[in-house]
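> predicted model and sequence below, questions to follow.
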Amino acid sequence: MAMNLNSRRGRGRAPMAEINVTPLVDVMLVLLIIFMVTAPLLTTGVPVNLPDSRAKPLAQEQKPVEVSLDAAGKLYLDKKELAETALPARLEQLARRAEPPQIYLRADRGLDYGRVMRVMGELNRAGLNRVSMVTIEGAQP
């Protein structure tokens with residue numbers, strides 16, 4: 001009598017030992033593309049044509065305060081338009097905090113140098129000396 005040793009009658013189907021990761025990789029690549037496209041759109045603010053610089057970015061612990069000057073010379077404090085006459089009072093309020101904040105100064109490259117320096121003078125007069133000029137990284141010499 002001959003016996004068939006490969007017979008699997010009665011034992012059911014054997015479990016699969018490998019996982020098909022192709023659908024997982026496809027989904028992850030689609031999500032990566034979506035995040036790469038939408039991430040630059042999440043950074044909103046005052047449209048400013050920033051100058052170029054080769055300086056490295058600074059590490060920050062607390063959220064800095066942004067002071068922006070657009071191409072028309074309008075002044076913004078944390079994305080809210082502000083009259084130039086109201087700037088000194090607002091800066092003095094910021095300087096009275098327990099720890100004065102880091103200030104990011106964003107100024108359009110087409111602005112008059114004196115206009116930017118007046119804002120920097122107001123920052124200095126209020127005692128806000130931790131000022132960083134925001135530029136675009138990767139400038140050519």
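That came through, no problem. As the structure is a prediction and not an experimental result, all values here were calculated from the model.
> residue ranges with poor pLDDT in this protein?
For the chain, the stretches with pLDDT under 70 are 1-11, 41-48, 50, 57-61, 137-141.
> what about the strands in it?
Here the chain has its strands, by DSSP state E, at 52-53, 65-69, 75-77, 80-82, 103-107, 131-133, 136-137.
> so which of these has the densest surroundings on average?
Of all the strands of the chain, strand 65-69 has the most neighbours on average by mean count of other Cβ atoms under 10 Å, namely a mean of 23. Glycine gets a C-beta too; all of them are placed from N, C-alpha and C.
> show me where this structure has helices.
For the chain, the helices defined by DSSP state H occupy 22-42, 87-95, 113-125.
> mean neighbour count and distance to P15 added to the ones you listed, as a markdown table?
What follows is the helices of the chain, written out as a markdown table (neighbours: other Cβ atoms under 10 Å; distance: least, Cβ to Cβ, whole Å):
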| stretch | mean neighbour count | distance to P15 |
| --- | --- | --- |
| helix 22-42 | 9 | 19 |
| helix 87-95 | 15 | 64 |
| helix 113-125 | 14 | 68 |
